[in-house]
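> with the sequence up front, the predicted model follows.
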Amino acid sequence: MVMIKSVYQKRLTSFWLERKCVYCLKRRVCLTARGYVKCLKCKKQKSLKKLRRELSVLLSFVEQRPAYQVALEYGVSYPVVTRIFKSIRELLYYQCELEGKRLSGNIKIDEAYFGGRRKGKRGRGVAGKSVVLGLLERQGQVYTRVVSTITAEQLMSVIKAKTKKGSVYHTDTFTSYNSLHQFGKHFKVNHNQTLVTKHHNHINGIEGFWSYAKHKLYNYRGVSKANFPVYLKEMEYRYNHRKENILESIMQLYFGYVSY
């Protein structure tokens, strides 16, 4: 059976054929006598064996393959794979914060609950789950923040820092959002009555992101509470760049800051 290559595998194959430098992306590379790939432009060099290994692991990360499977397939130790995966997630975390401009226009706001055991009460007030506040600009980017509480004081501090005054805010009827009118127009949707009001006010966009994130996170079969923030930012990055081929951007981030 002929295996069909993914879009990312095709991109990586194209990268090898073009012989680009992983650090500056220039096509001026050569192979040294000791088996290192050297760039004649930026003068950086790297073992061809290690380079192939790292690019294979990066590709596997983009495709969301399990670390243990990657370790077995490429003959790399499991700790090395998990260390590279962790480095990428940390880079994506900081990249999301750098890209996280102050949102404006129509902004959908909602909070969601991830992880924990589903015992007793569900939704707001449930115990053992990570609480995330999400802001989604219509036809734009999403911004997420793990919060310790869902009090008005904490939610308003995040919203004030990450949105422009004068924006139009759409939320449900949760009381912690009641003071949003001080920043701009505030429309509420009562989910006990309808999902979309007669004036087309809704928060379907941010709820769609929660479904997207939870579906993607399911592939990891459980994430510890300590590591959850970096996994969440990974989902944020994937969502904000979902129309792009993220392999090359992740390569630039990885080789620009961390290289084993």
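Arrived safely. Predicted model, so just to flag it, every value in this text is computed and none were measured.
> just the helices in the stretch 151-260 of the chain please.
152-162, 204-217, 228-240, 246-257 (DSSP state H, counting those that start in this stretch).
> what packs against the longest helix anywhere in the chain?
Identified as the longest helix of the chain according to DSSP state H is helix 78-99. Under the contact criterion of 3 or more CB pairs under 8 Å, 6 or more residues apart in numbering; DSSP states H and E, helix 78-99 touches helix 48-62, helix 67-74, helix 228-240, helix 246-257. Where you see a C-beta, it was placed from the backbone N, CA and C, and this is true even at glycine.
> give me whichever of these is most buried.
helix 228-240 (a mean of 21; mean count of other CB atoms under 10 Å).
> what lies in contact with that helix?
Contacts with helix 228-240, where a contact means CB atoms under 8 Å, 6 or more residues apart in numbering, come from 86, 89-90, 92-93, 95-97, 99, 114-115, 130, 132, 141-144, 146, 209, 212-213, 216-217, 220, 223, 246.
> one more pass at 7 Å, please.
89-90, 92-93, 95-96, 114-115, 130, 132, 141-142, 144, 146, 209, 212-213, 216-217, 220, 223, 246 (CB atoms under 7 Å, 6 or more residues apart in numbering).
> swap in stretch 25-33?
18-21, 37-41, 45, 48.
> let's see 10 Å
Stretch 25-33 is contacted from outside by 15, 18-23, 36-42, 44-45, 47-48, 248, 251-252, 255, using CB atoms under 10 Å, 6 or more residues apart in numbering.
> and that stretch, end to end?
Terminal residues of stretch 25-33 are spaced 22 Å apart (CA to CA, to the nearest Å).
> buried set for that stretch?
25, 29 (16 or more other CB atoms under 10 Å).
> pull the distance from it to the chain's centre.
With CA atoms, centre = their mean, to the nearest Å as the basis, stretch 25-33 stands 32 Å off its chain's centre.
> report the rounded mean pLDDT for it.
What stretch 25-33 shows for mean pLDDT is 85.
> how about stretch 223-233?
92.
> with just CA atoms, put it into CSV.
Provided in CSV are the C-alpha atoms of stretch 223-233 (Å, rounded to 0.1, in the frame of the first residue of the first chain):
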residue,chain,number,x,y,z
VAL,A,223,-2.1,16.3,31.2
SER,A,224,-0.9,17.2,34.7
LYS,A,225,-2.1,20.3,36.3
ALA,A,226,1.4,21.7,36.6
ASN,A,227,2.0,21.3,32.8
PHE,A,228,-1.4,22.3,31.7
PRO,A,229,-0.7,26.0,31.0
VAL,A,230,2.0,25.2,28.3
TYR,A,231,-0.3,22.6,26.7
LEU,A,232,-3.1,25.1,26.6
LYS,A,233,-0.9,27.7,24.9
